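Asks: Fold the following.
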Amino acid sequence: MQQRNSLDYSRLTRVGFLLGLGLFVAGAGGEFVGLAIWGTLPAWEETLLTDSVALGIVVAFCSVFGFGIAMPLLE
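Replies: Got it, this is the predicted structure:
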């Protein structure tokens with residue numbers, strides 16, 4: 001009988017959520033600190049920080065629903 005290797009879904013969920021949270025905090029904090037120190041940021045920095053906030057939200061939700069809910073049910 002062949003043994004299947006099972007993924008550690010709880011660890012993948014935790015790491016994915018923390019990665020998304022880190023992206024969100026870095027983007028929001030960068031915008032807040034940048035505006036507080038320099039007043040205005042160049043357009044490319046605004047775009048980078050805004051995209052990192054959005055990507056952080058997407059990564060956090062997708063990792064929770066993907067690895068925390070869907071994948072264990074489909075195994």
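
Asks: for M71, phi and psi?
Replies: Per-residue torsions, M71: phi -60, psi -40 (degrees, to the nearest 10).

Asks: Can you read off the pLDDT for it?
Replies: At M71, the pLDDT value in this model is 89.

Asks: nearest residue to it other than its sequence neighbours?
Replies: Y9 (5.7 Å; CB to CB, 6 or more residues apart in numbering). For glycine as for every other residue, the C-beta is placed from the backbone atoms N, C-alpha and C.

Asks: ok, P72 to V25 distance?
Replies: For P72, the distance to V25 equals 27 Å [CB to CB, to the nearest Å].

Asks: Does L7 belong to a helix, a strand or coil?
Replies: The local conformation at L7, judged by DSSP: H, G, I helix; E, B strand; the rest coil, is coil.

Asks: neighbours around the nearest residue to it once chain neighbours are set aside, how many?
Replies: Leaving out its chain neighbours, the residue that sits closest to L7 by CB to CB, 6+ apart is M71, at 7.3 Å. Other residues within reach of M71, judged by other CB atoms under 10 Å, total 14.
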